[in-house]
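Asks: Quick one: sequence plus predicted model below, questions after.
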Amino acid sequence: MLIGIDLGSRTIKLAAVSGGVLVGQQLAESGFDPYGQSQAMLNGYQPQRIVATGYGRHLAQQHFAHEAITEIKAHAIGARHFFPDCRTVVDIGGQDSKVISLDASGRIAGFQMNDKCAAGTGRFLEIMAATLGYRLADFGPAALSSEAEVGISSMCTVFAESEVISLKNRGVPPADIARAVHLSVVGRLMAMLNRVGFGDTVVFSGGVAKNPCIVRLLQERLDGVRLVSPPMPDLVGAVGAALHAGR
């Protein structure tokens with residue numbers, strides 16, 4: 001058995017692979033002690049090899065992982081496992097977003113990464129949802145209920161939050177503002193995709209791939225391109241790390 005563990009900024013994901021098949025999976029909040037949380041998740045497994053990825057990969061390598069690989073590499077391997085012909089991966093995590101271009105053999109051909117601020121990430125959506133009084137799980141569906149074209153000009157989290165509060169105080173319905181927030185995230189993603197280039201199939205990984213409004217708006221803008229996600233998009237990096245462990 002091989003273990004891949006993705007120590008993200010918000011959650012820790014574990015994937016157990018045997019014979020190229022996913023045989024176990026776990027997801028937990030990172031909390032204040034990601035090392036302790038990781039150790040608890042590994043209890044009960046007897047892996048031949050552990051490979052770590054994500055923000056906490058170096059911490060994991062210091063203590064229990066045999067190797068650490070970048071999130072770019074982990075998501076590329078994981079995406080090709082689920083969708084062997086894909087040439088583009090979009091990953092939105094808690095604190096960063098990435099667009100990865102792959103060549104025909106699955107090797108990384110190029111990438112764009114937003115890791116300097118929370119704009120366009122899961123954390124950005126969390127903050128905007130809380131500002132508008134939504135639970136995160138309800139934020140996407142609320143945005144889908146609107147067809148308004150309200151604009152948010154700033155992608156800086158602090159300034160965007162000020163714009164959201166201003167719109168709210170002007171009486172703009174929360175669902176309309178929610179849609180504006182989602183449009184701003186998708187606009188940023190499309191700019192990254194256009195810089196990197198994309199193929200006929202784009203794999204959407206990371207927790208934000210569960211947001212139905214982001215998925216719909218992104219699919220609309222990727223006209224003629226197939227946008228796909230595995231059943232648990234947050235596990236793509238962990239699965240990629242586990243598969244790398246067997247190489």
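Replies: Received it, and whenever you're ready, just let me know what you need.

Asks: check contacts around Ala175.
Replies: Ala142, Ala143, Ser145, Ser146, Ala148 (Cβ atoms under 8 Å, 6 or more residues apart in numbering). From N, CA and C alone the C-beta is placed, and that goes for glycine too.

Asks: which residue packs closest to Ala60, ignoring adjacent ones?
Replies: Nearest residue to Ala60 in three dimensions, chain neighbours excluded: Ala52, at 3.6 Å (Cβ to Cβ, 6 or more residues apart in numbering).

Asks: That neighbour in helix, strand or coil?
Replies: strand (DSSP: H, G, I helix; E, B strand; the rest coil).

Asks: Domain boundaries for this structure, per the record?
Replies: 1-83+234-247, 85-229 (automatic domain parsing).

Asks: among those domains, which is the most enclosed?
Replies: domain 1-83+234-247 (a mean of 20; mean count of other Cβ atoms under 10 Å).

Asks: Contacts for the strand or helix carrying Gln37, please.
Replies: Assigned by DSSP states H and E, Gln37 belongs to helix 34-42. Helix 34-42 is contacted by residues 3, 5, 7, 12, 14, 26, 28-31, 50, 56, 59-60, 63-64 when judged by Cβ under 8 Å, 6+ apart.

Asks: please redo it, this time with the cut-off set to 10 Å
Replies: With contact meaning Cβ atoms under 10 Å, 6 or more residues apart in numbering, helix 34-42 is reached by 3, 5, 7-9, 11-14, 16, 26-31, 33, 50, 52, 54-56, 59-60, 62-65.

Asks: Stretch 108-128 - what's its average pLDDT?
Replies: What stretch 108-128 shows for mean pLDDT is 83.

Asks: ok, back up a step: and the residue nearest to Ala60, what does it touch?
Replies: 3-7, 12, 38, 58-69, 74, 238, 241, 245.

Asks: Restricted to strands, list those residues.
Replies: Ile3, Gly4, Ile5, Asp6, Leu7, Ile12, Glu67, Ala68 (DSSP state E).

Asks: what's the distance between the helix holding Gln37 and the middle of its chain?
Replies: 21 Å (Cα atoms, centre = their mean, to the nearest Å).

Asks: CA atoms only: put it into PDB for me.
Replies: What follows is helix 34-42, C-alpha atoms only, in PDB (Å, rounded to 0.1, in the frame of the first residue of the first chain):
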ATOM      1  CA  PRO A  34      -1.200  19.600  11.200                       C
ATOM      2  CA  TYR A  35       1.600  17.200  12.100                       C
ATOM      3  CA  GLY A  36      -0.500  15.700  14.900                       C
ATOM      4  CA  GLN A  37      -3.600  15.600  12.700                       C
ATOM      5  CA  SER A  38      -1.600  13.800  10.000                       C
ATOM      6  CA  GLN A  39      -0.300  11.300  12.400                       C
ATOM      7  CA  ALA A  40      -3.800  10.500  13.600                       C
ATOM      8  CA  MET A  41      -5.000  10.000  10.000                       C
ATOM      9  CA  LEU A  42      -2.100   7.600   9.300                       C
END
